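Undergrad: need a structure here:
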Amino acid sequence: MMWSKLSALAIVPAAVALVLHSIGCDGYYTCEDDGTCPGGPNIEIPEGFVGYGWMRVQEDIGPALDPCADGTMPARYVMDPPSDRRACQACSCLLSDEKTSCQLPELECWTEPTCESLELPVNVVSGECRPLKRYGKRQYCRTRGEPTPPSYEVVTGTPTPPWTQVLDVCQVPAAAGAFRATNEQLCIRAEGHDIECPPGWQVSRKAYENGSDGRQCTACACEVRCDWDGYLIFEDESCGNPHRTVRTDCREITKHRADYIFSVTTDAPVLFQRSTGGMSVGGEVTVEGPVTFCCKPTE
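TA: Alright, predicted model coming up:
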């Protein structure tokens, strides 16, 4: 069935299911009951332009949402490549919700240089000065491991989109003139971007026939650690005269004098995090074939 121009007095056979589409002109055209509109309305194409075609604008640059009415896929055009065509994605580190700071390791002390016999009770809170009890023997201390950083995951940011929109176009009559949906525009096109749209086709869209995203970026990674100076041992009970720093190595703190008074303090570990990667190592977004579409305004 061919499309036909209708007037207000046109008589339509009862057996034909009509879908009336306004084209912003002086009439309507008919479609089959499956939504296809073969042939198209009788539209004069302005000089210097080719067409016409049915266009759908997609924000999602994934596959076309719908085929053309004849089952073929629409021609795709791309719009607005990024100003920095080599820009890569941003990387970040997402810390665990359960713990976002470093865990202070426990300080353990013994009366034997192997740090393996009877353990002496020590309870140190960061930022506080605690005296160490005298046991009449030499004392040896170490930490139970290093500060533990929180767990994390590497977050790869979304790259700058290669284009802000894509245009899917079904040509007429090769693609039977329409999508199987109604949210499309009737358009003509001309090569180049220095094009002024003719009267009645005032919706202008600048696009490219082909585009590719050849950006190459370094992989995202995270460096997460706890910066810490260890437990500070002092030769007095008020943390005034520094004597030793204790970490994971077993160290004597009594300075060969079992009757000395000692104290201990520590600062809280400082969480350090840094994301790396997401750097451009070559390639860019490329486009070719500039084209201007001029479309009828939607009603």
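
Undergrad: Can you classify Pro113 as helix, strand or coil?
TA: At Pro113 the chain is in coil, as set by DSSP: H, G, I helix; E, B strand; the rest coil.

Undergrad: so who does the closest residue to it other than its chain neighbours touch?
TA: Closest residue in space to Pro113, ignoring its immediate chain neighbours: Tyr140 at 5.3 Å, by C-beta to C-beta, 6 or more residues apart in numbering. Any C-beta I mention is one placed from the backbone N, CA and C, and that applies to glycine too. Tyr140 sits next to 109-115, 250-253 when contact means C-beta atoms under 8 Å, 6 or more residues apart in numbering.

Undergrad: Apply 10 Å and report the result again.
TA: Counting by C-beta atoms under 10 Å, 6 or more residues apart in numbering, Tyr140 touches 108-117, 120, 246, 250-254.

Undergrad: Is it possible to mark the buried ones in those residues?
TA: 108-111, 115, 120, 246, 250-251, 253-254 (16 or more other C-beta atoms under 10 Å).

Undergrad: Serialize these to JSON lines and add fields for distance to Ser83.
TA: Shown next, in JSON lines, are the buried ones among the contacts of Tyr140 (distance: C-beta to C-beta, whole Å):
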{"residue": "Glu108", "distance to Ser83": "59"}
{"residue": "Cys109", "distance to Ser83": "62"}
{"residue": "Trp110", "distance to Ser83": "65"}
{"residue": "Thr111", "distance to Ser83": "70"}
{"residue": "Cys115", "distance to Ser83": "61"}
{"residue": "Leu120", "distance to Ser83": "66"}
{"residue": "Val246", "distance to Ser83": "55"}
{"residue": "Cys250", "distance to Ser83": "60"}
{"residue": "Arg251", "distance to Ser83": "59"}
{"residue": "Ile253", "distance to Ser83": "62"}
{"residue": "Thr254", "distance to Ser83": "67"}
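
Undergrad: Just send the residues you listed back as TSV, with pLDDT, distance to Val281 and secondary structure too.
TA: Formatted as TSV, the buried ones among the contacts of Tyr140 follow (pLDDT from 0 to 100; distance: C-beta to C-beta, whole Å; DSSP: H, G, I helix; E, B strand; the rest coil):
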residue	pLDDT	distance to Val281	secondary structure
Glu108	86	48	strand
Cys109	85	52	strand
Trp110	84	53	strand
Thr111	81	58	coil
Cys115	82	49	coil
Leu120	74	55	strand
Val246	90	45	strand
Cys250	88	47	coil
Arg251	85	47	strand
Ile253	83	51	coil
Thr254	77	57	coil
